[in-house]
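Q: Quick check, what structure comes out for this input:
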Amino acid sequence: MATLMDYVRKLRSPDNKVVLQAIEELRARGWLEDGSLIGLPFCHAQLQGADLFKADLSNVDLHQAHMEHVDLSMAVLRGTRLTRTDLQYANFNRAIMDGTDLFKANLSGATNLIPAQLATAKRLWGAILPGGETYDGRYNLAGDLEFARWGCIDTNDMAAMAEFFGVGLEDYLFGQKEAGALMMDEV
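A: Residues are numbered from 1 along each chain as shown. I've put the predicted structure just below:
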């Protein structure tokens, strides 16, 4: 009888078909939603087209994973490392993203990803947003500010922060204003 670790090994396969079959087996056994995968490393995983609906991927390391067209509806992504991950056309409907690290993630064409979800992320520096634009620093995320301070950037200097995010000062200030309005709407 196959164990959880047998399927975990299959999730690390370079063959997308093997990975998708392992996900279905994990779902059938209840291991996709019950937290069995919490904290596991799946760097460079071949998850294209995976159905991760309601999956609990808290603190999972998916650095540089291939997650194009993945369904992350209602998935728990608390503290998940999605750095440099390809999430093109992924569905984020009602996904929980508190503390998710999206450093340089590609979110082009992602669906159902709303500003309130992005505002709870840990870091978005260098991420490509659903509309194809690069993240402009609008949410003042703790991880982005920490990264800026690490780079000796004065986080109170708006021009320096605009340069840090690779956007013009006018665009940076507009993003700050837009995010401020979003936060007021949330209250």
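Q: Show residues contacting the helix ranked longest in the chain.
A: If you go by DSSP state H, the chain has its longest helix at helix 169-186. Helix 169-186 is contacted by residues 115-116, 119, 136-140, 158-159, 161-162, 165, 167 when judged by Cβ atoms under 8 Å, 6 or more residues apart in numbering. Any C-beta I mention is one placed from the backbone N, CA and C, and that applies to glycine too.
Q: Mind doing that once more with 6 Å?
A: Residues outside helix 169-186 that contact it (Cβ atoms under 6 Å, 6 or more residues apart in numbering) are 115, 136, 138-139, 159, 162.
Q: how about those residues in CSV, adding secondary structure, pLDDT and neighbour count?
A: Output for those, formatted as CSV (DSSP: H, G, I helix; E, B strand; the rest coil; pLDDT from 0 to 100; neighbours: other Cβ atoms under 10 Å):
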residue, secondary structure, pLDDT, neighbour count
P115, helix, 93, 15
D136, coil, 94, 22
R138, coil, 93, 23
Y139, coil, 93, 22
A159, helix, 94, 12
A162, helix, 93, 20
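Q: Spatially, what comes nearest to K122 if we skip its sequence neighbours?
A: Distances taken as Cβ to Cβ, 6 or more residues apart in numbering put G143 closest to K122, at 4.0 Å, once the chain neighbours are dropped.
Q: Same check on Q46?
A: N16 (4.4 Å).
Q: tally of neighbours for that neighbour?
A: Neighbourhood size, N16 [other Cβ atoms under 10 Å]: 15.
Q: correct me, but it touches L47?
A: No - using Cβ atoms under 6 Å, N16 makes no contact with L47, being 7.7 Å away.
Q: tell me the domain ranges of this structure?
A: With domains defined by automatic domain parsing, the chain comprises 1-135, 137-187.
Q: How far off centre is the shortest one?
A: Taking Cα atoms, centre = their mean, to the nearest Å, one finds the center of domain 137-187 at 19 Å from the center of the full chain.
Q: going forward can the numbers begin at 6, since that is how I track them
A: From this message on, residue numbering opens at 6, which makes the last subject domain 142-192.
Q: What ranges in the protein fall below the confidence cut-off?
A: 187-192 (pLDDT under 70).
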